[in-house]
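Just to be clear, the model below is a prediction. Sequence and coordinates:
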Amino acid sequence: MRRLTTGLARSGIGVLISLVCVYLVLRGVDLGQTARIVGGARLPWLGLAVAAGIADLFFRALRWQQLIAPIRPVPLRRLSGYMLVGYLANNVLPARLGELVRSHYLGDREGISRSATLGTVVVERVVDTVVLVGIGAAAILVLNIRGVVVSAILVGIALAGLLVVALAVALAAHRLPGAGRAAAFLGRWPRVMHVALRLRDGLRVAALPRTIAASAILSVAAWGCTVVAVLAAGQALGMQLTVGEGALLAAGTNLATAVPSGPGYLGTFEYAGKTIAVAFGLPAARGLALALLIHFLTLAVTSTGGVVALVRLGWQQRGPAASRQDSRTGDPSGPNPGALNA
């Protein structure tokens with residue numbers, strides 16, 4: 001009951017934040033003009049935006065495969081399906097709960113600890129945030145933009161730094177003073193101790209230089225595709241965006257999705273997109289039209305992929321045959337020690 005109450009409270013806060021952002025976005029905007037701009041979108045450019053979005057997802061799947069490999073290799077076709085199901089869940093559930101869904105889904109299907117899988121997702125988020133903040137900061141320097149957008153990127157830089165420090169502390173926790181007493185205290189609750197250890201197994205991939213370097217390179221490739229998608233969406237609406245403007249829009253709107261919000265990041269995405277577009281000179285109606293189109297295309301591509309993956313993979317748990325195979329091969333939730341120590 002307590003867990004349900006906490007979940008409902010978090011969902012309620014997310015929905016409230018979305019409603020506030022929707023009010024701020026719609027205030028003082030000619031919605032009729034916005035609708036006419038979106039309605040005049042040119043299909044060839046929309047096709048390019050969708051293609052770039054699909055390429056973005058491909059690089060993200062490759063990145064997660066790199067992070068999972070030290071624990072247990074997973075074929076890209078299946079892993080991309082698990083990722084897309086998680087993205088679909090993010091689109092329909094508040095507060096990014098889809099990250100938990102994909103961790104559970106992969107762990108259940110592949111016999112990997114769900115906590116260890118969640119650890120790799122945490123590492124992925126840290127790498128992604130650091131790369132995204134770097135792109136946003138570079139775009140601001142190129143465009144020489146000031147005001148609230150700069151403040152938001154500075155907050156992002158601080159957040160990225162905190163995430164890196166928190167990850168480093170989590171990896172070195174067993175060496176810190178008082179670690180023995182903390183372990184003895186947690187030992188009173190074996191289940192909690194087990195989850196903590198498995199989560200650390202997933203986080204330990206952050207200590208593998210080659211894995212992190214490959215993840216960072218794939219993150220840059222993925223966000224490069226996102227920038228292309230943003231530029232194509234702008235062209236579809238007759239807006240000639242520069243690469244710097246496209247990069248800032250990609251970075252700012254996606255950093256905004258880190259804020260707990262309603263399903264599909266409704267409101268927070270549009271507020272960030274409109275604010276950034278206005279900062280580099282677009283009228284509010286055109287800025288909102290661009291943000292709406294980018295958001296719609298993102299949700300359409302990820303949701304379609306998620307539905308296809310869910311139909312292909314199904315939702316049922318692993319069958320008895322898979323469970324018997326896991327029992328023959330040992331602990332299904334443990335990491336690959338050789339890979340993690342390589």
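Cool, got the structure. Just so it is clear, the structure is predicted and the values come from calculations on it, not from any experiment.

Roughly how far does Gly244 sit from Val164?
Here the criterion is CB to CB, to the nearest Å. By it, Gly244 lies 25 Å from Val164. For every residue, glycine as well, the C-beta is placed using N, CA and C.

Those two: which has the busier surroundings?
Gly244 (18 against 15; other CB atoms under 10 Å).

low pLDDT regions in the stretch 51-200 of the chain?
Counting by pLDDT under 70, the stretch 51-200 of the chain contains low-confidence residues at 174-188, 190, 192-194.

Backbone dihedrals for Gly262, please?
phi -70, psi -180 (degrees, to the nearest 10).

residue contacts, Leu237?
Leu237 is in contact with 37-38, 40-41, 286, 289-290, 293, counting by CB atoms under 8 Å, 6 or more residues apart in numbering.

Please check those residues and keep the buried ones.
37-38, 41, 286, 289-290, 293 (16 or more other CB atoms under 10 Å).

Looking at those residues, which is nearest Leu141?
Leu290 (22.2 Å; CB to CB).

Alpha carbons only: can I get stretch 257-273 in CSV?
Output in CSV follows, covering the C-alpha atoms of stretch 257-273 (Å, rounded to 0.1, in the frame of the first residue of the first chain):
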residue,chain,number,x,y,z
THR,A,257,12.3,15.3,-20.3
ALA,A,258,14.5,14.7,-17.2
VAL,A,259,11.9,16.7,-15.3
PRO,A,260,9.2,14.4,-13.8
SER,A,261,6.1,15.0,-15.9
GLY,A,262,3.0,13.4,-17.3
PRO,A,263,2.9,10.7,-19.9
GLY,A,264,5.0,11.3,-23.0
TYR,A,265,6.7,14.4,-21.4
LEU,A,266,3.6,16.4,-22.4
GLY,A,267,4.1,20.1,-21.7
THR,A,268,7.7,20.0,-20.6
PHE,A,269,8.9,19.2,-24.1
GLU,A,270,6.8,21.9,-25.7
TYR,A,271,7.7,24.5,-23.1
ALA,A,272,11.4,23.9,-23.6
GLY,A,273,11.1,23.8,-27.4
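
if I look at the nearest residue to Leu93 once chain neighbours are set aside, how far off is Gly81?
Counting by CB to CB, 6 or more residues apart in numbering, Leu93 lies nearest to Pro263, which is 6.0 Å off, once chain neighbours are set aside. Distance, Pro263 to Gly81, by CB to CB: 21 Å.

Give the residue from these two that has the larger number of neighbours.
A count of neighbours by other CB under 10 Å puts Gly81 above the other of Pro263 and Gly81, at 24 against 19.

which residues touch the more buried one?
So Gly81 contacts 309, 312-313 (CB under 8 Å, 6+ apart).

Return a selection command, for use in PyMOL, containing the buried ones of these.
To isolate the buried ones among the contacts of Gly81 in PyMOL, judged by 16+ other CB under 10 Å, type:
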select buried, resi 309+313
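
can I get the contacts of Gly81 in JSON lines with distance to Leu154, pLDDT and secondary structure?
Shown next, in JSON lines, are the contacts of Gly81 (distance: CB to CB, whole Å; pLDDT from 0 to 100; DSSP: H, G, I helix; E, B strand; the rest coil):
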{"residue": "Ala309", "distance to Leu154": "37", "pLDDT": "95", "secondary structure": "helix"}
{"residue": "Arg312", "distance to Leu154": "43", "pLDDT": "92", "secondary structure": "helix"}
{"residue": "Leu313", "distance to Leu154": "41", "pLDDT": "88", "secondary structure": "helix"}
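
So which of the buried ones among the contacts of Leu237 are in helices?
The members of the buried ones among the contacts of Leu237 that map onto helices under DSSP state H are 37-38, 286, 289-290, 293.

which one among the buried ones among the contacts of Leu237 gets closest to Gly98?
Leu293 (22.5 Å).

quick one, helices of the stretch 201-342 of the chain?
Ranges of helices in the stretch 201-342 of the chain, per DSSP state H, counting those that start in this stretch, are 209-236, 243-256, 268-279, 284-313, 320-328, 337-340.

Between those, which one is closest to Leu19.
With CB to CB as the yardstick, what comes closest out of those is helix 268-279 (10.7 Å).

Tell me how far that closest one lies from the chain's centre.
Helix 268-279 sits 19 Å away from the centroid of its parent chain (CA atoms, centre = their mean, to the nearest Å).

Buried residues, that helix. List them.
For helix 268-279, by 16+ other CB under 10 Å, it's 268-279.

one step back: could you dump the ones in helices among the buried ones among the contacts of Leu237 to JSON lines with pLDDT and distance to Met239?
Putting these into JSON lines (pLDDT from 0 to 100; distance: CB to CB, whole Å) gives the following:
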{"residue": "Ile37", "pLDDT": "97", "distance to Met239": "9"}
{"residue": "Val38", "pLDDT": "97", "distance to Met239": "12"}
{"residue": "Arg286", "pLDDT": "96", "distance to Met239": "7"}
{"residue": "Ala289", "pLDDT": "97", "distance to Met239": "9"}
{"residue": "Leu290", "pLDDT": "97", "distance to Met239": "6"}
{"residue": "Leu293", "pLDDT": "97", "distance to Met239": "10"}
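
Now render those as a markdown table, adding distance to Leu100.
Converted to a markdown table, these look like this (distance: CB to CB, whole Å):
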| residue | distance to Leu100 |
| --- | --- |
| Ile37 | 37 |
| Val38 | 33 |
| Arg286 | 37 |
| Ala289 | 33 |
| Leu290 | 31 |
| Leu293 | 29 |
